[in-house]
Each structure stands twice: as structure tokens, then as C-alpha cells.
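>>> Have a look at this fold, sequence not included:
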């Protein structure tokens with residue numbers, strides 16, 4: 001799997017794009033950010049997810065519970081707590 005840097009409008013973090021099993025992923029790491037930067041970057045990056053063959057994957061230092069209410073009409077998400085206490089969340093368009 002080859003990751004390439006992706007330009008996502010109105011974001012301040014580095015995003016990477018890759019393909020796996022015919023699904024395109026956009027990935028970012030917000031573990032070193034302070035609020036509201038993780039939520040702002042996530043909300044802006046979700047705009048690139050247009051169909052069921054695309055996902056947004058974010059790493060967070062805590063579970064971004066307030067984000068879920070803002071996106072629940074349009075996106076589902078899968079949460080995985082990592083061994084180091086961070087969270088990996090994969091967002092998918094409904």
C-alpha cells in the first residue's frame with residue numbers, strides 16, 4: 001500500500017491518501033492537536049467523502065464524542081481504542 005500526501009481544503013493537518021481493497025482512504029493524525037483543531041479538520045475532511053468506496057480515518061488523543069452528533073445524519077463511524085489510549089476512528093458516508 002502506497003500512501004501519498006493529499007491536499008484537503010481548509011485543513012491544517014497532513015492528510016494521506018491510499019487505496020486498499022478497492023476503497024480509497026484519507027488518513028490523518030490529530031493526536032498532537034488541541035481543540036477545536038481535531039473537530040475542524042475532521043469536519044472539513046469529511047467533505048471529500050462522497051460515496052461508499054471512500055473512508056476518512058482519524059487518530060485522536062480522546063474519543064471525539066461531540067463530533068458524532070454533528071455528523072450522525074450523514075456518516076457512520078467505527079471506533080477502535082488503541083493500546084496507547086488513542087482512538088482510531090473510521091468514518092463512512094451513509
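Sure thing, it's come through. The shown structure was predicted, so the numbers you read here are calculated from the model rather than taken from an experiment.

>>> for the protein, what helix or strand is lowest in average pLDDT?
helix 65-71 (a mean of 94; mean pLDDT, DSSP states H and E).

>>> List the buried residues in the next helix or strand along the chain from it.
Toward the C-terminus, helix 65-71 is succeeded by strand 75-81 as the next helix or strand (DSSP states H and E). Neighbour counts using 16 or more other C-beta atoms under 10 Å place 75, 77 of strand 75-81 among the buried residues. Just so you know, the C-beta spots here come from the backbone N, C-alpha and C atoms, and that holds for glycine as well.

>>> Likewise for stretch 22-41?
24-31, 33, 38-41.

>>> any idea which helix is longest in the chain?
helix 37-45 (DSSP state H).

>>> which residues are contacting it?
8-13, 15, 26, 28, 30, 33, 56, 58, 60, 64, 66-67, 70-71, 91 (C-beta atoms under 8 Å, 6 or more residues apart in numbering).

>>> Mind checking which of those land in helices?
66, 67, 70, 71.

>>> List the contacts of the last one.
It stands for residue 71. With C-beta under 8 Å, 6+ apart, residue 71 has these contacts: 43, 46, 77, 91.

>>> Out of those residues, the closest to residue 3 would be?
Of all the contacts of residue 71, residue 91 has the smallest distance to residue 3: 17.7 Å, by C-beta to C-beta.
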